[in-house]
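> When you get a sec, could you give me coordinates for this:
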Amino acid sequence: MTQHDVDSPENLARRKHGLDVLSRIDGHQGEAVLDSLADINPALGHHVAAFAFGDMYDRPGLDPRSRQLVTLGVLTALGGCEPQLKVHIGAALNVGLSREEITEALMHSAVYAGFPRALNATFAAREVFAARDAEAAA
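I've put the predicted structure just below:
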């Protein structure tokens, strides 16, 4: 069945498109996530690239900044997603959101997701911001 054959020509094209979108948004962090799946579940990596980034992130209707704000809110609300949240905080910076906009979105999520989740997301943002500062200073 074609949908399960991640190496079919159609799925290879979707994956390539998704990797291009992923690279524009997440840069090396997104690629590292996919690389970490290569030895245990490469099909999951395919679906992250092909579906999440190729099919969903590149849809018309929302710009990359808006998509990242939605993603930050959802990951904050879910809780327990701090590794993914860090990647998407980096992506939010990559697509032009400011640190103030990111922390404001995380604070706003406290109304709907609760303070513990907003706090955890804010601490994740602190780590991403510090890592960016360290990279810039190097």
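
> now what about stretch 125-134, what contacts it?
Applying C-beta atoms under 8 Å, 6 or more residues apart in numbering, the external contacts of stretch 125-134 come out as 86, 89-90, 93, 99, 102-103, 106. C-betas here are computed from N, CA, C, even on glycine.

> Most neighbours of all these, which one?
Ile89 (32 neighbours; other C-beta atoms under 10 Å).

> In helices, which of the contacts of stretch 125-134 fall?
Among these, the members found in helices (DSSP state H) are 86, 89-90, 93, 99, 102-103, 106.

> and those as a markdown table, adding pLDDT and distance to Ala77?
A markdown table is the format used below for these (pLDDT from 0 to 100; distance: C-beta to C-beta, whole Å):
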| residue | pLDDT | distance to Ala77 |
| --- | --- | --- |
| Lys86 | 96 | 16 |
| Ile89 | 97 | 15 |
| Gly90 | 95 | 19 |
| Leu93 | 97 | 21 |
| Arg99 | 98 | 21 |
| Ile102 | 98 | 15 |
| Thr103 | 98 | 16 |
| Leu106 | 98 | 11 |
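
> nearest to Gly73, of these?
Leu106 (8.4 Å; C-beta to C-beta).

> Can you find the helix or strand in this structure with the smallest mean pLDDT?
Across the helices and strands of the chain, mean confidence by mean pLDDT, DSSP states H and E is lowest for helix 28-37: a mean of 85.

> Name the next helix or strand downstream of that helix, please.
helix 42-47 (DSSP states H and E).

> helices or strands up against the helix or strand following that next one?
Next helix or strand after helix 42-47 toward the C-terminus (DSSP H and E): helix 64-78. When contacts are defined as 3 or more C-beta pairs under 8 Å, 6 or more residues apart in numbering; DSSP states H and E, helix 64-78 packs onto helix 9-26, helix 82-94, helix 99-113, helix 115-137.
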